[in-house]
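1. let's see this in three dimensions:
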Amino acid sequence: MMKTSLAAILFFAVSGVLAAFELPQNSGQCLVGIAEGWDSSFVTLRLFEKSGTEWKQAGGEWKGRLGRDGLVWGLGLHPVPEGAAIKKEGDWRTPAGVFKIGGAWGYAADISRRANMPYARVTTRDLWVEDPASPLYNQHVRLKAEPSTAWEKKQQMRQDDPAHSLELFIAHNAPPAARPGAGSSIFFHIWREGGNKPTAGCTTMSEQNLRKLIAAIDPAKNPLYVILPRADYERLRSAWKLP
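-> Numbering: from 1, shown residues only. The predicted model follows:
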């Protein structure tokens, strides 16, 4: 009888868990991000829309940047392989997998967007909590008064940073089920130095392309963000019914 190695058993077990998942049928928009490997901080982005049961690309390819140290499994709609490393606060990696997206934030009074896309103008009283010890971890908080403590000031969304003057939320480790320490404040936002700098875990792109993305996203179509290394995307594409 042919012997099966432990590595092969684990591979097929993990593959079985991952193969049991597929994109929700009610999703009609999907932004696909492909990195060349788990340690790459570069990504190619393509937006797809569903026509009947088929995914069709809407527009061209966009270049983007990821976390300085690449990708790691995040907490979203997809299953995470048992024993796999997952996103941690401060690990400089972008969460990989399948995530809901939506909810735009910015410094401007308003932006070009669909009427059903939520948009909030960020003020000095808006916080996004990145403290794993807080019960409000990975949540937006709007203070009734200007921040007065060092903790509040550290959580402020508005830091006079042009890169964060426009953001689109990526629902990694999202409330109400946010896991303390598993990563927070994951957004699409404007890249730094024309794309020459990686991120701490967000996905960045040019301001022009970010504005195009936000204007195109339709919350009624249950938009998703699929981000994976190329080899994993190709391996899971059929099972997960990816574009």
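2. point to the helix or strand of the protein where mean pLDDT is at its lowest.
-> Among the helices and strands of the chain, helix 6-19 carries the lowest confidence by mean pLDDT, DSSP states H and E, at a mean of 47.
3. report the next helix or strand after it in sequence order.
-> Scanning forward in sequence from helix 6-19, with DSSP states H and E defining helices and strands, the next element found is strand 29-35.
4. each with direction, which strands does that next one pair with?
-> Within its sheet, and counting by DSSP bridges, strand 29-35 is paired with strand 42-51 (antiparallel), strand 224-229 (parallel).
5. just the buried residues of the next helix or strand after the first one, please?
-> Right, the one you point to is strand 42-51. The C-terminal neighbour of strand 42-51 among helices and strands, as given by DSSP H and E, is strand 54-65. By neighbour count with 16 or more other Cβ atoms under 10 Å, strand 54-65 contains the buried residues 55, 62, 64, 65. The way it works is simple: take the backbone N, C-alpha and C, and place the C-beta from them, glycine included.
6. how about residues contacting the following helix or strand past strand 54-65?
-> Remark: after strand 54-65, the chain's next helix or strand is strand 71-73, criterion DSSP H and E. Residues outside strand 71-73 that contact it (Cβ atoms under 8 Å, 6 or more residues apart in numbering) are 35, 38-40, 80-81, 84-88, 91, 93-97, 227-229.
7. quick one: residue 63 and residue 203 touch, right?
-> No - with contacts counted by Cβ atoms under 8 Å, residue 63 stays clear of residue 203, the gap being 11.1 Å.
8. appreciated, that's everything.
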